[in-house]
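1. give me a model of this one.
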Amino acid sequence: MWKALRNAFKIPELRDRIIFTILALIVFRLGIYIPIPGINLGEWANLFRRFSEGAAGGLVSFFDIFAGGALRRYSIFAMSVTPYINASIILQLLTSVMPKLKEMLREGEEGRKKFAAYTRRLTVVLGGAQACLLSIGISRNPNLIVVNPWMFVVVSTASMLAGTMFLLWLGERITEKGIGNGISIIIFAGIVARYPQYFGQAVVGNLNLLGWLFLIGIFVVMVLAIVYVQQGERRITIQYARRISGRRVYGGASTYVPIRVNQGGVIPIIFAMAIMMIPSMLATLTGSPTIQRLFGGGSPLYVSMYAVLVFFFTYFYSSVVFDPFDVADNIKSYGGFIPGIRPGRPTAEYFMKVLNRVTFMGAIFLVAIALLPNVVQAVIKLTNIYIGGTSALIAVGVALDVLQQMEAHLIMRHYEGFIKKGRLRGRR
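-> Predicted coordinates for the structure are as follows:
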């Protein structure tokens with residue numbers, strides 16, 4: 001491991017990319033401590049703490065973790081890149097019902113540039129609406145602001161939207177000149193920055209030896225499971241027919257189509273949490289004890305509905321990401337076939353059958369990850385870790401992507417990579 005890191009800094013291009021990424025993350029972390037003008041930070045901290053402990057506290061903590069603690073400080077990066085994530089998810093879902101968007105992605109580099117431009121425009125709309133609504137809600141409480149309410153709404157909305165677009169620009173620069181996907185790196189930095197706070201909560205909570213062993217054991221098993229599932233895939237062999245033209249032989253090659261166990265990543269959990277927060281927020285606003293009892297964070301009904309929604313969205317998003325009929329048509333058009341399966345519709349039905357089986361295991365895994373914080377809180381009474389499994393899923397996934405990119409640079413220049421042997425491979 002340390003030898004591979006030393007080798008990475010021996011390659012000028014890779015060293016420059018790593019240094020650029022580190023400097024960009026420093027800029028991101030510094031911006032978190034720049035508050036928006038006109039806010040009463042003391043009153044906001046008290047309100048944030050009270051609201052995060054309520055029925056909708058999971059949603060508040062969810063956004064604060066993505067923002068790296070910026071929402072808690074009401075800084076210019078309070079929304080982080082969540083508007084961009086929402087815009088990307090919306091457009092990806094629309095590709096399944098809007099053929100023009102699907103054709104745009106098939107146009108190659110130019111089509112992807114147009115799609116990215118549409119995503120940025122939708123980010124401005126969603127970010128402006130989200131920032132404006134949050135600013136208006138805060139301005140209604142005179143104790144939270146120290147300036148004129150309308151002036152605060154304008155300044156706060158403009159500041160948060162500018163902060164989001166700056167992070168989007170910074171993420172694109174990291175992708176271009178740094179290492180890894182820039183947006184994912186920014187989210188990764190925000191999540192990892194909260195881990196010392198979790199550790200502090202465990203220390204303050206006076207855990208006994210068994211509690212510490214349980215917490216450490218859960219963490220190790222969770223990371224190993226995430227690595228295994230994230231790298232797991234089902235490889236379907238594709239054989240291309242051989243044809244002879246003169247003295248030349250074309251085709252005859254064999255390749256495979258990978259079907260990942262976890263096609264949707266963390267997106268199904270995000271969808272499920274967003275829906276489940278609606279009754280929780282309703283309970284907070286109405287103060288109804290019945291709704292709070294039914295949809296409280298640890299109630300049986302809440303946990304059951306949450307698990308069902310994660311399971312459903314895993315299948316839904318997998319069908320959006322991987323279209324069996326589209327893949328089967330592409331294979332047929334290039335003269336390929338699955339050994340023992342006829343081209344065309346039988347191939348698509350075979351892909352659908354395999355996809356359903358593989359997705360089932362991925363859905364079970366995501367349900368376990370989503371409900372892991374409830375298990376931890378119930379066993380060791382450690383609160384305020386609302387999406388520990390989800391945050392670990394994102395962090396480990398981004399770390400794997402960065403390590404794989406660094407390893408590609410090392411192997412290209414005949415250095416030993418990070419992964420020496422024992423790569424995870426899918427099984428047929």
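2. so where do the strands sit in the stretch 151-300 of the chain?
-> Ranges of strands within the stretch 151-300 of the chain are 233-240, 242-245, 248-251, 254-260, based on DSSP state E, counting those that start in this stretch.
3. where does the prediction get shaky in this protein?
-> Applying pLDDT under 70 to the chain picks out residues 1-4, 51-62, 201-207, 242-252, 274, 277-289, 291-292, 295-298, 379-388, 413-428.
4. pull the longest helix from it.
-> Criterion DSSP state H: the longest helix present in the chain is helix 345-380.
5. okay, buried residues for it please.
-> 347-348, 350-352, 354-355, 358-359, 362-363, 365-367, 369-370, 372-374, 376-377, 380 (16 or more other C-beta atoms under 10 Å). Quick note: C-beta positions are derived from backbone N, CA and C, even for glycine.
6. from residue 179, how far off is residue 154?
-> Separation of residue 154 from residue 179 (C-beta to C-beta, to the nearest Å) stands at 38 Å.
7. more crowded one of these two?
-> More crowded of residue 154 and residue 179, by other C-beta atoms under 10 Å: residue 179, with 23 against 14.
8. so the more buried one sits right up against residue 18, yeah?
-> Yes. Between residue 179 and residue 18 there is a contact at 5.8 Å, judged by C-beta atoms under 8 Å.
9. what touches both of these two?
-> The contact sets of residue 179 and residue 18 overlap at residue 406 (C-beta atoms under 8 Å, 6 or more residues apart in numbering).
10. which outside residues touch stretch 99-119?
-> Identification of contacts with stretch 99-119 by C-beta under 8 Å, 6+ apart yields 84, 87, 88, 91, 94, 95, 96.
11. now the terminal residues of that stretch, how far apart.
-> 17 Å (C-alpha to C-alpha, to the nearest Å).
12. what ranges do the helices span in the stretch 151-300 of the chain?
-> 182-192, 195-204, 209-231, 267-286, 289-295, 300-321 (DSSP state H, counting those that start in this stretch).
13. nearest to residue 407, of those?
-> helix 209-231 (13.2 Å; C-beta to C-beta).
14. tilt between the closest one and helix 345-380?
-> Relative orientation of helix 209-231 and helix 345-380, computed by axes from the mean of the first three to the mean of the last three C-alpha atoms, to 10 degrees: 170 degrees.
15. tell me which strands and helices helix 209-231 is in contact with?
-> helix 345-380, helix 388-412 (3 or more C-beta pairs under 8 Å, 6 or more residues apart in numbering; DSSP states H and E).
16. break this structure into its domains for me.
-> 1-193, 207-386 (automatic domain parsing).
17. I'd like those domains laid out as CSV, including distance to residue 411.
-> Below are the domains of the chain laid out as CSV (distance: least, C-beta to C-beta, whole Å):
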stretch, distance to residue 411
domain 1-193, 10
domain 207-386, 17
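18. who wins for proximity to residue 405 among the ones you listed?
-> Of all the domains of the chain, domain 1-193 comes closest under C-beta to C-beta, at 5.7 Å.
19. distance from the chain centre to the closest one, please.
-> 12 Å (C-alpha atoms, centre = their mean, to the nearest Å).
20. likewise for stretch 326-334?
-> Distance, centroid of stretch 326-334 to centroid of chain: 30 Å (C-alpha atoms, centre = their mean).
21. got the buried residues for it?
-> Here stretch 326-334 shows 327, 328, 329, 331, 332 as buried, counting by 16+ other C-beta under 10 Å.
22. cool, stretch 308-323 as well?
-> In stretch 308-323, counting by 16+ other C-beta under 10 Å, buried: 309-311, 313-323.
23. contacts for it, please.
-> 92-93, 95-96, 259, 263-264, 267-269, 271-272, 275-276, 351, 355-356, 359, 362-364, 366-367, 370.
24. restricting to C-alpha, output it in PDB.
-> Backbone C-alpha positions of stretch 308-323 (Å, rounded to 0.1, in the frame of the first residue of the first chain) are rendered in PDB as follows:
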ATOM      1  CA  VAL A 308     -40.300  -2.000   0.800                       C
ATOM      2  CA  LEU A 309     -39.500   1.300  -1.000                       C
ATOM      3  CA  VAL A 310     -35.800   0.600  -1.100                       C
ATOM      4  CA  PHE A 311     -36.500  -2.800  -2.600                       C
ATOM      5  CA  PHE A 312     -38.900  -1.400  -5.200                       C
ATOM      6  CA  PHE A 313     -36.700   1.500  -6.300                       C
ATOM      7  CA  THR A 314     -33.800  -0.900  -6.700                       C
ATOM      8  CA  TYR A 315     -35.700  -2.800  -9.300                       C
ATOM      9  CA  PHE A 316     -37.100   0.400 -10.900                       C
ATOM     10  CA  TYR A 317     -33.800   2.100 -11.300                       C
ATOM     11  CA  SER A 318     -32.100  -1.100 -12.500                       C
ATOM     12  CA  SER A 319     -34.700  -1.300 -15.300                       C
ATOM     13  CA  VAL A 320     -33.900   2.300 -16.200                       C
ATOM     14  CA  VAL A 321     -30.100   1.900 -16.200                       C
ATOM     15  CA  PHE A 322     -30.000  -1.500 -18.000                       C
ATOM     16  CA  ASP A 323     -32.500  -2.000 -20.900                       C
END
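25. next helix or strand past the host helix or strand of residue 84?
-> For residue 84, the element it lies in under DSSP states H and E is helix 82-94. Downstream of helix 82-94, the next assigned helix or strand under DSSP H and E is helix 99-105.
26. for residue 341, give me its contacts.
-> 347, 350.
27. how close does it get to residue 300?
-> 44 Å.
28. then residue 71?
-> Applying C-beta to C-beta, the value for residue 71 to residue 300 is 30 Å.
29. who has more neighbours out of those two?
-> Between residue 71 and residue 300, counted using other C-beta under 10 Å, the more crowded position is residue 71 (26 against 9).
30. am I right that that one is in contact with residue 64?
-> Yes. Using C-beta under 8 Å, residue 71 is in contact with residue 64, at 4.4 Å.
31. tally of neighbours for residue 335?
-> Neighbour tally, residue 335, other C-beta under 10 Å: 14.
32. not counting its neighbours along the chain, what's nearest it?
-> residue 241 (4.9 Å; C-beta to C-beta, 6 or more residues apart in numbering).
33. also residue 17?
-> The nearest residue in space to residue 17 (C-beta to C-beta, 6+ apart) is residue 179, at 4.6 Å.
34. same check on residue 90?
-> Spatial nearest neighbour of residue 90, excluding adjacent residues (C-beta to C-beta, 6+ apart): residue 122 at 6.7 Å.
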